[in-house]
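**Student:** need the 3D shape of this:
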Amino acid sequence: MREPMIRLSRMADYGVVVMTFMAHRRNQTLSAHQVAEGTGLPEAAVGKLMKVLNRDGLLESHRGAHGGYGLTRRPEEISVADIVAAVEGPIAVTQCVDEHPGSCDVESLCPMRGGWNQINTALHDALAGVSLAAMAFAVPPLLADGASRPGAV
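**Tutor:** Numbers count the residues shown, from 1 in each chain. Prediction:
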């Protein structure tokens, strides 16, 4: 079986999992420990992701005894593209992006120059068209032990 050629990094995948977990608990403030425990992801990775998602304005941090993180917007207002871009940077299949000249050593000779931008835009638009709400509520919420609740929505 062939491996997929285009795939998200493990951290981008984890970012979507973390944000999906947060969407199910959108009225709560959660620590990285609680999210790691609830998702089954490594706590160090969750802590790093939550700081990145906070820096990019997708999560807000709350200090104090009951501190942690919460969503900054409703899940319907956050796209998968927002999450992936926060974790990975600009969404593109190649580094050939018309708006970023100088990113390729052979750009002046490349017959595909500009052509890849159409694909990069299509990929970005596809991810932007899927909201966190669609991701979160298409699968059952996780229990604290990471197991799905039967029949849950």
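
**Student:** tell me how many other residues surround M1.
**Tutor:** Neighbour count for M1, taken as other Cβ atoms under 10 Å: 2. Just so you know, the C-beta spots here come from the backbone N, C-alpha and C atoms, and that holds for glycine as well.

**Student:** that one and V17: what is the separation?
**Tutor:** 24 Å (Cβ to Cβ, to the nearest Å).

**Student:** same question for Q28.
**Tutor:** 17 Å.

**Student:** also D56?
**Tutor:** 17 Å.

**Student:** higher neighbour count, these two?
**Tutor:** Set D56 next to V17 and count neighbours by other Cβ under 10 Å: V17 wins out with 20 against 14.

**Student:** thought that one was touching G38?
**Tutor:** No: the criterion here is Cβ atoms under 8 Å, and V17 misses it with G38 at 10.0 Å.

**Student:** where does this structure have low pLDDT?
**Tutor:** For the chain, the stretches flagged by pLDDT under 70 are 2-5, 95-108, 112-114, 139-153.

**Student:** list the residues that contact Q28.
**Tutor:** G70 (Cβ atoms under 8 Å, 6 or more residues apart in numbering).

**Student:** host element of the residue of the chain positioned farthest from its centre?
**Tutor:** Centroid-distance maximum for the chain: L109 at 34.6 Å, with Cα atoms, centre = their mean. Counting by DSSP states H and E, there is no helix or strand that carries L109.

**Student:** only the buried residues of the helix or strand encompassing S61, if you could.
**Tutor:** Using DSSP H and E, S61 maps to strand 59-62. For strand 59-62, the neighbour count (16 or more other Cβ atoms under 10 Å) marks L59 as buried.

**Student:** run the chain-centre distance for that strand.
**Tutor:** Here strand 59-62 is found 16 Å from its chain centre; the criterion is Cα atoms, centre = their mean, to the nearest Å.
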